[in-house]
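[1] Fold the following and give me the result.
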Amino acid sequence: MKNIMLVCVAGMSTSLLVTKMQKAAESKNLEAEIFAISESEVDSTLQSKAVDVLLLGPQVRYLKGSYETKYKDKNIPIEVINMTDYGMMNGEKVLTQALNLIG
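    Sure, this is the predicted structure:
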């Protein structure tokens, strides 16, 4: 089971992307919990949930450095979603990006 967390300003703009990523995961018979939250929910979510990768929407890319510092002890890969893939809502490519980061 892979836990993939997407973060954006309000958690809304990534909802469609989550749906597309879930469909891509199902087509690969991959067990994954993929969910989107707002930047204000990251702290509480990471305190209560194990996450394998944290993907940032392009609009919150500025948070990457502070998250890498703040959550260093959790050893969670943190990356910004490719802007083109995000704009096209390409769930397959974003899922691949997440899985590559997880390793």
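
[2] ok, now which ones touch the nearest residue to K28 once chain neighbours are set aside?
    Nearest residue to K28, sequence neighbours excluded (C-beta to C-beta, 6 or more residues apart in numbering): L95, at 8.0 Å. No exception for glycine: its C-beta is placed from N, CA and C like everyone else's. L95 sits next to I4, M21, A24, A25, K28, L30, A32, I34 when contact means C-beta atoms under 8 Å, 6 or more residues apart in numbering.

[3] Repeat that for L6.
    Here L6 is in contact with T14, L17, V18, I34, F35, A36, I37, L55, L56, G57, I81 (criterion: C-beta under 8 Å, 6+ apart).

[4] what do you get if the cut-off is 7 Å, keeping everything else the same?
    With contact set as C-beta atoms under 7 Å, 6 or more residues apart in numbering, L6 has these partners: T14, L17, V18, A36, L55, G57.

[5] Is it correct that it falls within a strand?
    Yes - checked against DSSP: H, G, I helix; E, B strand; the rest coil, L6 lies within a strand.

[6] So what pairs up with it in the strands?
    According to DSSP bridges, the partner residues bridging L6 are A36, L55.

[7] Need the pLDDT of it.
    Confidence at L6, expressed as pLDDT, is 97.

[8] So what's the gap between the helix or strand harbouring N3 and the chain middle?
    Under the criterion of DSSP states H and E, N3 resides in strand 2-8. Centre-to-centre, strand 2-8 and its host chain are 3 Å apart (C-alpha atoms, centre = their mean, to the nearest Å).

[9] after that strand, next one along is what?
    Per DSSP H and E, the helix or strand that comes after strand 2-8 is helix 15-27.
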